[in-house]
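Enquirer: Coordinates for the following, if possible.
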Amino acid sequence: MNQILSLIQSAIVFGTVILFGAMGEILTEKSGSLNLGVPGVMSLGAVGALIGGFFCERNIPDAGSAVCLLSALFAALILAGLGSLIYCFLTITLRANQNVTGLTLTIFGCGFASFFGGSLNKLAGGVGQISLPTTSLAFRATLPALSKTPVFSGLGWLAYAAIVMAVVMQWVFNRTRIGLNLRAVGENPATADAAGINVTKYRYLSGLIGGCISGLGGLFYTMDYIKGTWASDGGIEALGWLAVALVIFATWKPVRAIWCSYLFGLLSWLYFYLNGLSRASQELFKMLPYVVTILVLIVVSLRRQRENQPPASLGLPYFREDR
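Expert: Numbering: from 1, shown residues only. Below you'll find the predicted structure:
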């Protein structure tokens, strides 16, 4: 029983990292922009949180957990936002190819994070020496009402914030004028422009805000999942690609992304709780999230239900002169 509860808790924590990345990408894609730079943006958010927390704990001896938390959060959002802003400028203003720009952002973000994460390790005394206990504990603090509840007692407040954010995002998409305008921009930007909707503004804002949300996934990975340390093992990049796949799995619906991300987390950690597996069998189990995504993509494509399809103008630049 304890093993099952531990698996569920691991699935939720692991899935929350993916959920943040997927929510950010869903928001971006709703406007018609396909950002394949999610792994890079998440890496920027992760190293930004590390930088903010590290210098706060090192240079402010009497800094409380709230100050360290805000420093890490602010730095993570700034770096993730800057990375997303670069993507928006290149693809919206300069009309660069979205696929190439997104992949370039991933390479840049992961390289930037690896370099500065390693540099912080050296400043802390050597490889693997960095540790931010005050900042990490602030992010891993659970809700008092759930402190004695199995599974939930080990979840940080950001895990619940991700669920609330997904519900609010779904409500905005379906129940507000802003959401209606955003979906109109993603479906047919020319018609939206003719109706007086500022296509450029909506694409910029959705890309910037979506990037910041994805950056929270990197922050959660650094401060909650690996408890305020740094690992140059490519884990954030792998989870970023899972987040991109989850967007398809969740059919561009934030609320559906909640249970989908937890399912991804469960499938990703299942091999760890199955005894007697060989190394080859473990590698096969690690493929499960991707295999399930491919199967879902095939099913969605065959059924061709309009509500489960991506925005019609996804990945296509908008030229106002072509209207």
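
Enquirer: Just give me the neighbour total for Lys122.
Expert: Look at Lys122: counted by other Cβ atoms under 10 Å, it has 11 neighbours. Every C-beta, even on glycine, is put in place using the N, C-alpha and C of the backbone.

Enquirer: in what helix or strand does it lie?
Expert: For Lys122, the host element (DSSP states H and E) is helix 98-123.

Enquirer: Name the residues of that helix that are buried.
Expert: Judged by neighbour count using 16 or more other Cβ atoms under 10 Å, the buried positions of helix 98-123 are 98, 101-102, 104-106, 108-110, 112-114, 116-117, 120-121.

Enquirer: Stretch 230-244 too?
Expert: Buried positions in stretch 230-244, judged by neighbour count with 16+ other Cβ under 10 Å: 230, 236-237, 239-244.

Enquirer: Looking at the residues you listed, which are in helices?
Expert: Among the buried residues of stretch 230-244, the members found in helices (DSSP state H) are 236-237, 239-244.

Enquirer: what would those residues look like in a markdown table with distance to Ala195 and pLDDT?
Expert: As requested, those are exported to a markdown table (distance: Cβ to Cβ, whole Å; pLDDT from 0 to 100):
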| residue | distance to Ala195 | pLDDT |
| --- | --- | --- |
| Ile236 | 40 | 91 |
| Glu237 | 39 | 91 |
| Leu239 | 38 | 90 |
| Gly240 | 35 | 93 |
| Trp241 | 36 | 91 |
| Leu242 | 36 | 88 |
| Ala243 | 32 | 92 |
| Val244 | 30 | 92 |
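
Enquirer: so which pair among these is furthest apart in space?
Expert: Ile236 and Val244 (13.0 Å; Cβ to Cβ).

Enquirer: joint contacts of the two?
Expert: Contact with both Ile236 and Val244 is made by residues Pro39, according to Cβ atoms under 8 Å, 6 or more residues apart in numbering.

Enquirer: okay, now Ile86: neighbour count?
Expert: Ile86: 19 surrounding residues under other Cβ under 10 Å.

Enquirer: Apologies, that question was intended for Gly315.
Expert: Using other Cβ under 10 Å, Gly315 has 17 other residues around it.

Enquirer: After the lengthiest helix in the chain, which helix or strand is next?
Expert: If you go by DSSP H, the chain has its longest helix at helix 2-30. Remark: after helix 2-30, the chain's next helix or strand is helix 38-59, criterion DSSP H and E.

Enquirer: and Gly37, how far is that from Ile4?
Expert: Distance of Gly37 to Ile4, computed by Cβ to Cβ, to the nearest Å: 37 Å.

Enquirer: which one of the two has more residues nearby?
Expert: Taking other Cβ under 10 Å, Gly37 and Ile4 do not tie; Gly37 has more neighbours (33 against 10).

Enquirer: Tell me the confidence at that one?
Expert: Per-residue pLDDT puts Gly37 at 95.

Enquirer: quick one: pLDDT of the closest residue to it other than its chain neighbours?
Expert: Of all residues not flanking Gly37 in the chain, Leu105 sits nearest, at 2.9 Å (Cβ to Cβ, 6 or more residues apart in numbering). With respect to pLDDT, Leu105 has a value of 96.

Enquirer: And Gly276, by the same measure?
Expert: Per-residue pLDDT puts Gly276 at 69.

Enquirer: Which parts of the stretch 51-200 of the chain are helices?
Expert: Assigned by DSSP state H, counting those that start in this stretch, the helices in the stretch 51-200 of the chain fall at 65-88, 98-123, 133-140, 157-175, 177-187, 189-194, 199-220.
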